[in-house]
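Colleague: starting from these lines, generate the structure:
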Amino acid sequence: MAVTEKSTETQSAYLLVRRAILAGELLPGQRLVEKELSERFGVGRAAIRTALARLEQEGLVESEPFRGARVRTIGEAEAVEILEARAALEALAAHHAARKATPEQAEALWAIHRQMEERHRAGDLWGMSELNSLLHRTLVEISGHQTAARLIEGLRAQGVRHQFHTILVPGRPQQSLEEHRRIIAAVAAHQPEEAEAAMKAHLGGVIAALKRIGRSTL
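Modeller: This is a model prediction of the structure:
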């Protein structure tokens with residue numbers, strides 16, 4: 001196989017396994033057997049092995065000698081720490097986004113928010129959660145802060161399973177919509193301090209919801 005083909009297959013294996021973990025198709029604690037994953041995703045075992053090593057660096061997979069790899073379980077305490085770190089970084093990104101956002105970018109944020117409201121009215125909380133992630137990614141892109149973007153992406157990947165569970169807390173979806181509305185309004189009005197404060201308040205709300213769930217692991 002040519003070098004380019006190997007690189008493409010390795011990247012595909014990484015994206016396929018990562019997506020399956022984030023979507024909950026591969027559950028926390030589940031063993032990740034190279035042969036099974038190779039057959040499931042139609043890629044070579046070497047590509048799977050490389051993908052698992054990369055995902056271990058991201059904190060999504062853990063491995064032990066003679067026991068192989070498994071999906072890493074993240075407890076409530078660690079999930080709170082991840083959200084606290086995200087709050088600091090995403091508040092920074094919101095600050096920069098408020099300084100740089102064009103009218104078109106602000107409208108793109110409002111468009112995502114309208115879709116979130118539609119998904120909420122339809123009772124589609126999973127769809128709303130996915131749009132929530134899109135809104136946060138778009139804010140970071142607008143900020144243009146590359147270092148924050150790289151760090152946030154790693155943290156978000158580790159905490160995404162918890163994020164969906166928090167939106168199931170009664171009253172949390174409506175609260176989340178209002179918090180996002182305040183963030184977008186501040187960004188659109190070019191108010192960096194207000195955008196930063198609104199983002200911190202939003203992720204503080206997510207942390208409070210996570211603690212309400214009261215589970216040690218998800």
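
Colleague: going by C-alpha atoms from here, please, whenever you check contacts or count neighbours.
Modeller: Fine.

Colleague: next, count neighbours for M199.
Modeller: Residues contacting M199 under the criterion other C-alpha atoms under 10 Å number 28.

Colleague: pull the contacting residues for it.
Modeller: Shown in contact with M199 (C-alpha atoms under 8 Å, 6 or more residues apart in numbering): 87, 90-91, 94, 179-180, 183.

Colleague: if we use 7 Å, what do you get?
Modeller: Applying C-alpha atoms under 7 Å, 6 or more residues apart in numbering, we find M199 in contact with 90-91, 94, 183.

Colleague: report the secondary structure element holding the residue nearest in space to the middle of the chain.
Modeller: In the chain, the centroid-proximal residue (C-alpha atoms, centre = their mean) is R156; its distance is 3.4 Å. Using DSSP states H and E, R156 maps to helix 146-166.

Colleague: who's in contact with A94?
Modeller: For A94, the contacting residues are 139, 143, 195-196, 199, by C-alpha under 7 Å, 6+ apart.

Colleague: could you pull out the strands for this protein?
Modeller: 31-32, 61-64, 68-71 (DSSP state E).

Colleague: and the first one, which strands flank it?
Modeller: This means strand 31-32. Taking DSSP bridges as the criterion, strand 31-32 forms sheet pairs with strand 68-71 (antiparallel).

Colleague: same question for the second one.
Modeller: According to DSSP bridges, strand 61-64 forms sheet pairs with strand 68-71 (antiparallel).

Colleague: how far is the strand it pairs with from where the chain is centred?
Modeller: 21 Å (C-alpha atoms, centre = their mean, to the nearest Å).

Colleague: now, which of the contacts of A94 lie within helices?
Modeller: 139, 143, 195-196, 199 (DSSP state H).

Colleague: nearest to I74 among these?
Modeller: Distance from I74 was checked for each of the ones in helices among the contacts of A94 by C-alpha to C-alpha. The minimum falls on M199, at 23.5 Å.

Colleague: ok, now how distant is that closest one from A88?
Modeller: Using C-alpha to C-alpha, to the nearest Å, one obtains 9 Å as the distance from M199 to A88.

Colleague: so where's the protein uncertain?
Modeller: For the chain, the stretches with pLDDT under 70 are 1-7, 160-161, 163-164, 214-218.
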